[in-house]
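J.: Prediction below, plus the sequence it came from.
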Amino acid sequence: MERIQVAVFILLTAPFYGYFVNGQDGTPYPVSAAWFADRFTALEWNKTLSEFHEIGGDTVLLRAPPVVVTSRDELVVNPDFKWCGNFTNDNPGDGVHCVDEAMSELSALDVKVSVLSTYQYEEGYDEDSIILCPQYEKKIVTSRIYYRLVLPLDVTLPHDACNLKGKDVMVVFTSFAGIDPHELLLEEAKHYNMSVYFGLPRPIITSSPGRNLKVPYVDLVKRILADHKFRFSGITTNNSTLYSVLKGYFYSDDISFNEFQNYIDIFTSFQSATLAMNKTLGVSSYTKAVKYQQTYISSAEDFASALTHFVNSTKVDIVSVRDGRGAGNGAMFWETQQNARIQDVDNGLYKLIQYQHPDISENVTFGDYFATSICQTFDMLAEVQTNVSNLAQHFDLWLNIEAYDYLHDDPCLPVDRAGSGMSQMVDRVTKSRLDWVLTHAGSAVKKVATFAWDPLFTCTTKKYKARLEYQVKNDIGRPIMAHCQFHSSFNRSVVIIGFNLLGLTQAFQVNWPDVNGHRQTSEVHGYYFESAWGIEHNRVPGLIYTQLYDAYGIMSLAPKGYVKITVNGGIHGCSFKYDYTSSDMYDVASYPKEERKKYYYFNEYPVRRVYGQNSPRKTQLLL
């Protein structure tokens, strides 16, 4: 009765639902977060966020530059620090440069300057929050605003933090030209009820990699976080502060799953610092499933193990994982396509692989080149998220779609030199490509982000005359499947999870094998729906669960084979394999006799079948 009620409800509301999907106020596109380049006027931010908001954008991500180790001679000629010093009439040729002044003053205080560095990010720090030790640190106001920060190289106790006599220190110089694009962003994002995640300073770049600069690096991060809280908590509009718009911080670089172990200590420190500010901490990461000419090959199980260890060790709040297709680190293929030639299924990927490996065979298959697929990887990562969260250590899993191909045939310009957006000259992709990634990984995650809005969603090229953001806006209502399988071994109705699936009016083409060895195609509709499936399962909110009418009689379906589904109005299909000829599929032999009898029974005629209701030992995504 409950299923009939749900179906009738959607049938009655279908005309209105269809309007919202295809109208100007359409269902938000699943990609709701993106990395952006800085903008230096409120008008620019407002225009950009308005365009992002129109397609469902609700989260803005930024990346910060690195801390760069420098020398006295390099700093003196650095044009960004031209006016840094005690100069007469702001004339750099008449006075003492700030680096020489720092060396002289700190030496007089018996402080040893072991490292000089710069952090060039346009932020208008507040003197009272960024300066902790005024006897060593100072604000320098000339034609720019500079800060001299002094950070000990070794750990100091809080009560002794400003007693640097006889200690080795790193001096950090910052510069500011008067406009803070991040404060402007928070002000404009608040109008659109958007969330903002700032980037943490990237790791220190040094020509002496053997030197451990973790302590001053973490101290600098803590100072910046404290400054953000101090400044933005003091700016209130409409009864809330700008600090409330800032939801948290992302590490400003991508970390390979294979290198997670090397970042546990630093992320433990970051998590402690962000938690103290009541903000969340995110990491952008990537997997590499390539096995061609690799000495170390990672499987989906290896990725799952690395993720489990990392989140349990660091308590990080968000793990965003790149799909890998744009960089050639992953591929979208089903189990049935393991032996298919890559160029027959994804010719663009083959061109990318050929660019990276000019000697690659034109007959290379997915199985030859990749250890696992994007779909398999994200299914495993989703299982980690569920298992870890069940143990009271919750984190959110995000998909980060690479909106580019790492090729240079039709470059998307201009690049973002600062690196908050795309800093390299690459080819952009189409809306269909975004949909394709969603088909293979969209049901596994809580949120979908993309790298990067700038310039990949805003550029036009010789090949593409329309901006990607316009392609998305004009095609926002297209149905997208994101998962398919049988409901269970006991109920072989096909289940579809996806976006923009139009209830009872949505038709699907199901291609299936019959017991006579032939393939049949049947058009079927759904009869049971869960429109809040995404929300209830900690996945993308727009995900809809649809269970289809059977396209076959249970005795007509072959006991082993694959099912292929396409959605009317969609572009990309979904496939899965099954095998009901052996009880091995269920590990029945390892179950106690009572449990085998309770959950499984066998039928030998007309073909051998194993009928089973899923055991409680099995944890499945859909149930």
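T.: Arrived safely.
J.: so what's the nearest residue to residue 131 once chain neighbours are set aside up against?
T.: Nearest residue to residue 131, sequence neighbours excluded (C-beta to C-beta, 6 or more residues apart in numbering): residue 137, at 4.7 Å. Just so you know, the C-beta spots here come from the backbone N, C-alpha and C atoms, and that holds for glycine as well. Each residue near residue 137 by C-beta atoms under 8 Å, 6 or more residues apart in numbering is listed here: 131, 147-150.
J.: got a pLDDT number for residue 137?
T.: Here, the pLDDT recorded for residue 137 equals 98.
J.: Next, format the contacts of residue 137 as CSV and append distance to residue 510.
T.: Below are the contacts of residue 137 laid out as CSV (distance: C-beta to C-beta, whole Å):
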residue, distance to residue 510
131, 67
147, 64
148, 68
149, 64
150, 68
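J.: Out of those, list just those in strands.
T.: 147-150 (DSSP state E).
J.: Tell me the buried residues within these.
T.: Taking 16 or more other C-beta atoms under 10 Å as the criterion, what is buried in the ones in strands among the contacts of residue 137 is 147-150.
J.: all helices for the stretch 251-400 of the chain, in order.
T.: For the stretch 251-400 of the chain, applying DSSP state H, counting those that start in this stretch gives helices covering 264-276, 300-314, 342-345, 347-356, 366-369, 374-390.
J.: of these, which approaches residue 182 most closely?
T.: Residue 182 lies closest to helix 264-276 among those, at 16.3 Å (C-beta to C-beta).
J.: outside of that closest one, which residues touch it?
T.: The contact list for helix 264-276 (C-beta under 8 Å, 6+ apart) reads 200, 214, 218, 221-222, 225, 248-249, 251, 280-281, 283, 310, 313-317.
J.: Reformat the helices of the stretch 251-400 of the chain into JSON lines and put distance to residue 108 next to each item.
T.: Written out in JSON lines, the entries for these read as follows (distance: least, C-beta to C-beta, whole Å):
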{"stretch": "helix 264-276", "distance to residue 108": "32"}
{"stretch": "helix 300-314", "distance to residue 108": "42"}
{"stretch": "helix 342-345", "distance to residue 108": "66"}
{"stretch": "helix 347-356", "distance to residue 108": "55"}
{"stretch": "helix 366-369", "distance to residue 108": "62"}
{"stretch": "helix 374-390", "distance to residue 108": "53"}
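J.: Serialize the ones you listed to JSON lines and add fields for mean neighbour count and mean pLDDT.
T.: Formatted as JSON lines, the helices of the stretch 251-400 of the chain follow (neighbours: other C-beta atoms under 10 Å; pLDDT from 0 to 100):
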{"stretch": "helix 264-276", "mean neighbour count": "17", "mean pLDDT": "97"}
{"stretch": "helix 300-314", "mean neighbour count": "19", "mean pLDDT": "96"}
{"stretch": "helix 342-345", "mean neighbour count": "18", "mean pLDDT": "98"}
{"stretch": "helix 347-356", "mean neighbour count": "18", "mean pLDDT": "97"}
{"stretch": "helix 366-369", "mean neighbour count": "18", "mean pLDDT": "97"}
{"stretch": "helix 374-390", "mean neighbour count": "20", "mean pLDDT": "95"}
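J.: out of the ones you listed, nearest to residue 519?
T.: Of all the helices of the stretch 251-400 of the chain, helix 342-345 sits nearest to residue 519, with 18.9 Å by C-beta to C-beta.
J.: And the closest one, how far out from the chain middle?
T.: In terms of C-alpha atoms, centre = their mean, to the nearest Å, the centre of helix 342-345 is set 26 Å apart from its chain centre.
J.: Likewise for stretch 317-332?
T.: 8 Å.
J.: ok, which stretches of the stretch 101-250 of the chain are helices?
T.: Assigned by DSSP H, counting those that start in this stretch, the stretch 101-250 of the chain shows helices spanning 127-130, 181-191, 214-233.
J.: The second one - contacts with which helices or strands?
T.: Meaning helix 181-191. helix 42-54, strand 195-199, helix 214-233 (3 or more C-beta pairs under 8 Å, 6 or more residues apart in numbering; DSSP states H and E).
J.: of those, which approaches residue 74 most closely?
T.: Going by C-beta to C-beta, the one of those nearest residue 74 is helix 214-233, 18.5 Å.
J.: Report the buried residues of that closest one.
T.: Neighbour count says helix 214-233 has 215-229, 231-232 buried, by 16+ other C-beta under 10 Å.
J.: cool, stretch 312-325 as well?
T.: 313-325.
J.: Next, give me the two most distant ones among those.
T.: Spanning the widest gap among the buried residues of stretch 312-325 are 315 and 325, at 30.1 Å by C-beta to C-beta.
J.: just to revisit the earlier point, any idea how far the residue nearest to residue 131 lies from residue 111?
T.: 11 Å (C-beta to C-beta, to the nearest Å).
J.: who does the closest residue to residue 331 other than its chain neighbours bridge with?
T.: Among residues not flanking residue 331 along the chain, residue 370 sits closest, at 5.1 Å (C-beta to C-beta, 6+ apart). Note on residue 370: beta-bridge partners residue 290, judged by DSSP bridges.
J.: isn't residue 370 right up against residue 287?
T.: No - between residue 370 and residue 287 there is no contact under C-beta atoms under 8 Å: 10.8 Å.
J.: what do these two both touch?
T.: Counting by C-beta under 8 Å, 6+ apart, the common neighbours of residue 370 and residue 287 are residue 330.
J.: still on that earlier bit, switch the helices of the stretch 101-250 of the chain over to CSV; also include distance to residue 85 and mean pLDDT.
T.: Shown next, in CSV, are the helices of the stretch 101-250 of the chain (distance: least, C-beta to C-beta, whole Å; pLDDT from 0 to 100):
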stretch, distance to residue 85, mean pLDDT
helix 127-130, 18, 96
helix 181-191, 26, 98
helix 214-233, 22, 97
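J.: and residue 416, which of those is closest to it?
T.: Closest of the helices of the stretch 101-250 of the chain to residue 416 is helix 181-191, at 12.3 Å (criterion: C-beta to C-beta).
J.: Extract the C-alpha trace of that closest one and format it as CSV.
T.: Included here for helix 181-191 are C-alpha records, laid out as CSV according to Å, rounded to 0.1, in the frame of the first residue of the first chain:
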residue,chain,number,x,y,z
PRO,A,181,39.2,39.9,-2.0
HIS,A,182,38.3,37.4,0.7
GLU,A,183,36.5,39.9,2.8
LEU,A,184,34.6,41.0,-0.3
LEU,A,185,33.8,37.4,-1.0
LEU,A,186,32.3,36.8,2.4
GLU,A,187,30.1,39.9,2.1
GLU,A,188,28.8,38.9,-1.3
ALA,A,189,28.4,35.2,-0.5
LYS,A,190,26.2,36.1,2.4
HIS,A,191,23.7,37.7,0.1
